[in-house]
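# got a sequence here, can you model it:
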Amino acid sequence: MEKQRLLVVDDNSNLINSIREKSSKNNRLEIVYEAHDGEEGLKLIKEKHGEYDVVLLDLIMPNKDGLYILEELKRQKIDENVIVITSFNSDDMIRRLSKYNIKYFLVKPFDFETLENRISDISCPYDESISNVSDIKISLTRLLHELGVPSHIKGYEYIRYGILTLYKNPSIIGGITKELYPEIAENFNTSVSRVERAIRHAIEVSWNRGNIDLMEEVFGHSVDYDKAKPTNSEFIVTLADKLKLEYQTI
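Down below sits the predicted model:
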């Protein structure tokens, strides 16, 4: 990934300084502009267009908040790579954000590696030919959240990447272990066995804390909810199929 230039709109100076410090060490991210309230942030987004690659946008700020910025970007038909960063991890908030053209939704506190991975996804998208790729990613984020998969664990990252990869290339449906796992492992610089364990752990957590009615709706035809949770392959394939039915792009 080439160095990505960040415009950060957040009133938390400690967070901005932390990102700046870690960015200086890995040489892949760079904060080129920062704003501490919504009015200043919107002004920078418009005036510095082309001088940054990604906008990191907090939702709660003085003067004007992040939702105001998103509303204005939508109204003025300004298309930027926006990653929303917020402490509010609720279904209602995710639904509200789904009508805006944001790329990702990150819940604070997040680690730097997660941020870097999200920005890498933007700079190297799964399939640029899919015009509604942003909507697909937001729908998947919402679905995983409703299923109870915690966004801060590694399994979430691997499941999400795996589903989007399968969505793009359904021909690997018969090679989850031999093809998909190695691709996930290579992308996240880890081992295939760790990918498999992390996904299994994420599914176990999801099965214990997720929306039971949604579980039965999504997996009812592939597993017996009362007797067994889905396997890793069943979980990934079923959710990829659900996205395909929703968007009908493959």
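
# right, and residue 56 touches residue 86 too?
No: if you go by CB atoms under 8 Å, residue 56 and residue 86 don't touch, sitting 10.7 Å apart. C-beta coordinates here come from the backbone N, C-alpha and C atoms, glycine included.

# those two: which has the busier surroundings?
In terms of neighbours (other CB atoms under 10 Å), residue 56 is the more surrounded of residue 56 and residue 86; the figures are 26 against 18.

# so what pLDDT did that one get?
On pLDDT, residue 56 comes in at 96.

# again with residue 133
pLDDT recorded at residue 133 is 60.

# oh, and call the first residue 214 from now on, that's how I've got it
Shifting the count to begin at 214 puts that one at residue 346.

# quick one, phi/psi of the residue nearest in space to the middle of the chain?
With distances taken as CA atoms, centre = their mean, the residue of the chain nearest its centroid is residue 317 (4.4 Å). Dihedral angles of residue 317 (phi, psi; degrees, to the nearest 10) stand at phi -150, psi 160.

# now swap in the one 3 residues further on and tell me
Recorded main-chain torsions at residue 320 are phi -90, psi 130, according to degrees, to the nearest 10.

# touching, it and residue 364? I think so.
Yes: Residue 320 is in contact with residue 364 according to CB under 8 Å; the separation is 5.7 Å.

# domain map for the chain?
Listed domain ranges for the chain are 217-337, 367-460 (source: automatic domain parsing).

# so what's residue 459 up against?
Counting by CB atoms under 8 Å, 6 or more residues apart in numbering, residue 459 touches residue 352.

# by mean pLDDT, point me to the weakest helix or strand of the protein.
None of the helices or strands of the chain scores lower by mean pLDDT, DSSP states H and E than helix 304-310, at a mean of 70.

# for residue 375, see how far away residue 316 is.
Going from residue 316 to residue 375 by CB to CB, to the nearest Å gives 19 Å.

# okay, the two: which has more neighbours?
Using other CB under 10 Å, the more surrounded residue of residue 316 and residue 375 is residue 375, with 26 against 20.

# for residue 294, grab the count of nearby residues.
Residue 294: 20 surrounding residues under other CB under 10 Å.

# try residue 379
Residues lying near residue 379 (other CB under 10 Å) number 24.

# helix or strand: which one has it?
Counting by DSSP states H and E, the element that carries residue 379 is helix 367-381.

# how distant is that helix from the center of its chain?
In terms of CA atoms, centre = their mean, to the nearest Å, the centre of helix 367-381 is found 10 Å from the chain centre.

# show me what the helix or strand following that helix is packed up against.
Next in sequence after helix 367-381, counting helices and strands by DSSP H and E, comes helix 394-400. Counting contacts by 3 or more CB pairs under 8 Å, 6 or more residues apart in numbering; DSSP states H and E, helix 394-400 packs against helix 367-381, helix 405-422.

# which strands and helices sit next to the first one?
Secondary structure elements in contact with helix 367-381, counted by 3+ CB pairs under 8 Å, 6+ apart, are helix 346-359, helix 394-400, helix 405-422, helix 445-460.

# quick one, that helix and helix 346-359 angle?
140 degrees (axes from the mean of the first three to the mean of the last three CA atoms, to 10 degrees).

# quick one: residues in contact with helix 367-381.
For helix 367-381, the external contacting residues (CB under 8 Å, 6+ apart) are 327, 330, 339-340, 343, 349-350, 353-354, 357, 362-363, 385-386, 389, 393, 396-397, 400-401, 407-408, 411-416, 418, 448-450, 452-453, 456-457, 463.
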